[in-house]
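Enquirer: just need the structure, nothing else, for what follows:
(2 chains)
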Amino acid sequence: MRISEKIPSKLEIVPEFVSALIGKIKTLSIGEDEVFDIKLSLEEALINAIKHGNKMNPSFYVEVYLEIKDHRLTIKVKDQGEGFDFKNLPDPTTDENLEKPSGRGIFLIKSLMDEFEFFDCGRGIKMVKFVKKGGALR
Amino acid sequence: MNIKEERSNDVVICVLEGEVNINTSPELRKTFDGIIKANAKKVLVDFSGVSYIDSSGLATLIEMFQRLKKTGGMLRFSNMSEKIRNVFEITKLHKLFEIFDTRQEALKGF
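Expert: Numbers count the residues shown, from 1 in each chain, chains lettered A, B, ... in the order given. Modelled structure (predicted):
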C-alpha cells in the first residue's frame, strides 16, 4: 500500500484527514494498539507541520506519504516552512517543563514509533512503525 | 466528543466520551471555563468513554490543572483505558495528575 497526499494548512481538517487515512490502514488488520500509535503520531506530525512549519500560511500545504511494505509502515510528513533546529528540542518530561501545556508532539512521536528522524533541515519528519499483524501487508 | 456534567456532593464530574483532539479540545476548555466560573474546587474527569487523546487534549487538561491550583482547587482523573493511560505515562503526566482506576476511588477522600 502506498498513499501520497497534499493537504492545506488548516488545523481543523487534520482529525478528519487522519481518520480517513487510518481507515485505509485498518483494512490491513493491523493491531488496535499500533493503529492508536500511528494515528496519534501522524496527527501530531501534521499539527506541527501546519502550526510551526507552515505557520498556518493558507497558501502552503503539507505533503504526506505513507507506505506499508514487509510489515514496516513508513510515514513522511513535509511542510513548506523554513525548517528548525531539531537538535535542541526541550524535553517535556523534565520537572521544569512538566506543567508547560505545549511541546509534547515530537516527544510523543519519538515514543510511539519505532524509528524517527527529521530530514530537509527539519521541514520533514520520517517515522516508521513495525506492524505485527496482517497477512495482507505486502 | 460528548461532555456530560454530573455532581457527587461538592465534586463536579466531567464524563467525557469520544476523542479529545485539536477540534474537540476547545469544547472541553469551554466546559472547564464554566466550572471555574461556577467556583467549583473539586473536579473529576471520567475518561471511561475516551478512545483517543492528543497533545492539544493534554494541554487543555494541564491548563485546567493550573487554573484550579491557583484557586486552591483539585483535579482528578479516573477510568482511563490502558492506551490513554499510556499516553499520560509516556509524557510523565501521571506524576502531575492524580489518576485513579475507578470513579469511586477518585471520589474517596476528595
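
Enquirer: which stretches of the chain have low pLDDT?
Expert: You didn't say which chain, so I picked chain A. A:133-138 (pLDDT under 70).

Enquirer: how about the biggest helix by length in chain A and chain B, touching?
Expert: In chain A, taking DSSP state H as the definition, the longest helix is helix A:32-48. Yes: counting by C-beta under 8 Å from any C-beta of the partner chain, chain B is contacted by helix A:32-48 at A:33, A:36, A:39-40, A:43-44, A:47. Where you see a C-beta, it was placed from the backbone N, CA and C, and this is true even at glycine.

Enquirer: does the residue most central in space within chain B count as helix, strand or coil?
Expert: The centroid of chain B falls nearest to B:Val45 when counting by C-alpha atoms, centre = their mean (3.4 Å). Following DSSP: H, G, I helix; E, B strand; the rest coil, B:Val45 is assigned to strand.

Enquirer: buried ones among the residues of helix A:32-48 next to chain B?
Expert: The neighbour count (16 or more other C-beta atoms under 10 Å in any protein chain shown) marks A:36, A:39-40, A:43-44, A:47 as buried among the residues of helix A:32-48 next to chain B.

Enquirer: got the residues of chain B near chain A?
Expert: B:19, B:21-23, B:52, B:54-56, B:58-60, B:62-63, B:65-66, B:83, B:87, B:90-93, B:95-96.

Enquirer: can you show me the helices along chain A?
Expert: Assigned by DSSP H, the helices in chain A fall at A:14-26, A:32-48, A:105-112.

Enquirer: then the first one to CSV, C-alphas only?
Expert: Meaning helix A:14-26. Extracted in CSV, the C-alpha atoms of helix A:14-26 (Å, rounded to 0.1, in the frame of the first residue of the first chain):
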residue,chain,number,x,y,z
VAL,A,14,-6.4,17.3,10.5
PRO,A,15,-8.5,14.9,12.6
GLU,A,16,-10.8,14.0,9.6
PHE,A,17,-7.9,13.6,7.2
VAL,A,18,-6.1,11.3,9.7
SER,A,19,-9.2,9.3,10.4
ALA,A,20,-9.7,8.7,6.7
LEU,A,21,-6.1,7.5,6.3
ILE,A,22,-6.3,5.3,9.4
GLY,A,23,-9.5,3.8,7.9
LYS,A,24,-7.4,2.6,5.0
ILE,A,25,-4.7,1.2,7.3
LYS,A,26,-7.3,-0.7,9.3
